[in-house]
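In: 3D, please:
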Amino acid sequence: MTGVLIRLFVKDSENVKDPEVRGIYGTLAGIVGIVCNIILCVAKMFVGLVSGSVSITADALNNLTDATSSIVTLIGFQLSKKPADEDHPFGHARFEYLSGLAVAAMILIIGFQLAKSSIEKILNPTDVNFTRALAIVMVVSIFGKLWLFIFNKKIAKKISSATISATADDARNDVITTTSVLVGIVIAEIIGINLDGYIGIVVSLFIFISGINTAKETISPLLGAPPDEELVKLISDSMLQYDSRILGIHDLMVHDYGPGQRFASVHAEIDRNQDVMIAHELLDNIERMFFEEHKIQMVIHYDPVVTDDEELNEMKAVVLGEIKEIDEKFKIHDFRMVKGNEHTNLIFDMVIPRSYEGKQLEIKAMLDKKLSEYEHKYYTVITFDFESFNMM
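Out: Now for the predicted structure:
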């Protein structure tokens with residue numbers, strides 16, 4: 001069914017990097033969610049009022065909230081497609097994140113309301129009238145929401161959307177909620193124990209925790225989360241495999257202004273003997289490639305490196321070996337050597353994990369002690385960077 005809907009409504013469905021195609025996917029997910037949830041809400045509300053079950057009525061309201069969430073998702077995707085303007089030069093793609101945050105807020109609200117209704121039901125229990133219509137509506141709802149979960153998960157994975165993934169998780173919550181309600185009603189019918197309110201409490205806690213997790217996932221990119229490892233690997237592999245004259249890269253930074261609006265900067269190491277104009281053309285070509293193939297606005301800084309100095313290469317290997325003994329995660333780049341009459345300065349950047357914050361002087365002292373064993377005097381001039389700003 002999912003494949004059929006995609007074929008019918010999404011043209012060029014495999015070109016998910018195109019913001020227009022991505023927007024159509026979001027629109028489809030929103031419309032399908034609205035239609036399904038309104039139908040389920042009406043059916044459950046009728047059955048809930050007839051049977052007197054607070055958990056079914058709450059479940060119906062949950063579907064109404066889900067329909068509203070789908071509307072928010074739909075609006076978010078439409079707004080995210082707006083082009084850049086003077087007030088927003090990086091576009092409006094972060095509207096998708098904001099809509100995801102709104103969905104998370106709605107999940108938390110429905111969890112709170114369900115908990116409140118369940119407590120009232122525990123304090124003032126009433127019998128639930130079990131009917132065939134009730135059972136049919138609940139079973140249909142379970143399978144309907146299960147399909148909606150699978151549908152949204154497939155689309156979320158296809159276009160890498162945290163917002164639609166949150167909507168899918170909400171549908172999964174509904175499957176658990178409705179199943180729990182149905183089980184409680186069946187138990188009450190068979191052994192006469194009314195668990196309606198207690199099941200509602202358990203389900204509300206599950207929904208509340210899910211809402212918190214969803215909020216974390218959508219807030220993270222808004223606060224400036226680091227790029228995922230797949231993107232870092234993509235950039236690294238693409239650059240190093242593009243041309244053998246790229247000897248190494250470092251200081252990769254990615255700025256996420258929403259899906260399809262990513263900007264990145266990186267330093268590329270090229271032999272200092274390479275013609276500057278040729279090196280410049282090479283980096284221009286790589287920047288163009290990233291935009292055309294990956295929709296990433298890339299800025300590459302040219303770092304000329306010395307490759308034909310035996311002493312420099314030897315000392316770089318020595319320093320790298322010594323720091324690896326301290327921690328395998330340590331890295332160095334921009335290694336330079338400035339010779340004087342009495343000593344030589346080894347100047348470089350060292351990348352360390354955030355856990356070593358405040359221990360920079362200690363690390364330098366350990367390295368200087370090792371280098372003092374050499375006949376020639378070497379002094380280190382180190383600029384410490386953290387891994388979060390130097391992912392390469």
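
In: ok, A268 - contacts?
Out: Contacts for A268 (CB atoms under 8 Å, 6 or more residues apart in numbering) come out as 239, 246, 248-249, 283, 286, 300-303. In this view, the C-beta of every residue, glycine as well, is placed from N, C-alpha and C.

In: next: A168.
Out: By CB under 8 Å, 6+ apart, the contact list for A168 reads 148-149, 151-153, 156.

In: ditto for K81
Out: Taking CB under 8 Å, 6+ apart as the criterion, K81 is in contact with 19-20, 23, 92.

In: how about 7 Å then?
Out: Remark: with contacts taken as CB atoms under 7 Å, 6 or more residues apart in numbering, K81 is in contact with 19, 23.

In: same thing with the one 3 residues further on?
Out: With contacts taken as CB under 7 Å, 6+ apart, A84 has the following neighbours: 90-91.

In: strands along the stretch 151-300 of the chain, start to end?
Out: In the stretch 151-300 of the chain, the strands defined using DSSP state E, counting those that start in this stretch lie at 248-256, 262-271, 296-305.

In: out of those strands, which gets nearest to Y198?
Out: Closest of the strands of the stretch 151-300 of the chain to Y198 is strand 248-256, at 43.1 Å (criterion: CB to CB).

In: show me what the closest one is packed up against.
Out: Here strand 248-256 is seen to pack against helix 229-242, strand 262-271 when contacts are counted using 3 or more CB pairs under 7 Å, 6 or more residues apart in numbering; DSSP states H and E.

In: sheet-wise, list the partners of the shortest one with their directions.
Out: I take that to be strand 262-271. Under the criterion DSSP bridges, strand 262-271 sits next to strand 248-256 (antiparallel), strand 296-305 (parallel) in its sheet.

In: nearest to S69, out of those strands?
Out: Across the strands paired with strand 262-271, S69 has its closest neighbour in strand 248-256 (23.0 Å, CB to CB).

In: so where does L61 fall, helix or strand?
Out: According to DSSP states H and E, L61 maps onto helix 54-80.

In: please enumerate the helices of the stretch 251-392 of the chain.
Out: Using DSSP state H, counting those that start in this stretch, the helices found in the stretch 251-392 of the chain span residues 276-294, 310-326, 360-371.

In: buried ones in the longest one?
Out: This points to helix 276-294. Neighbour-count burial for helix 276-294 flags 279, 282-283, 286-287, 290, 294 (criterion: 16 or more other CB atoms under 10 Å).

In: what's the answer for the last one, then?
Out: For helix 360-371, the neighbour count (16+ other CB under 10 Å) marks 363, 367, 370-371 as buried.

In: outside of stretch 101-116 itself, list whatever touches it.
Out: If you take CB under 7 Å, 6+ apart as the criterion, stretch 101-116 is touched by 58, 61-62, 65, 68-69, 72-73, 163, 166-167, 170, 200-201, 203-204, 207-208, 210-211, 214-215, 218-219.

In: just the buried ones from those residues?
Out: Buried by 16+ other CB under 10 Å: 58, 61-62, 65, 68-69, 72-73, 163, 166-167, 170, 200-201, 203-204, 207-208, 210-211, 214-215, 218, out of those.

In: show me what contacts A264?
Out: Counting by CB under 7 Å, 6+ apart, A264 touches 235, 252-254, 296, 298.

In: which among those gets closest to V318?
Out: Nearest member of these to V318, counting by CB to CB, is L252, at 26.1 Å.

In: that closest one contacts F263, correct?
Out: No: assessed by CB atoms under 7 Å, L252 is found out of contact with F263, at 11.9 Å.

In: those two: who's more crowded?
Out: A count of neighbours by other CB atoms under 10 Å puts L252 above the other of L252 and F263, at 20 against 14.

In: got a pLDDT number for the more buried one?
Out: pLDDT for L252: 88.

In: how about L49?
Out: The score at L49 is 77. That number is its pLDDT.
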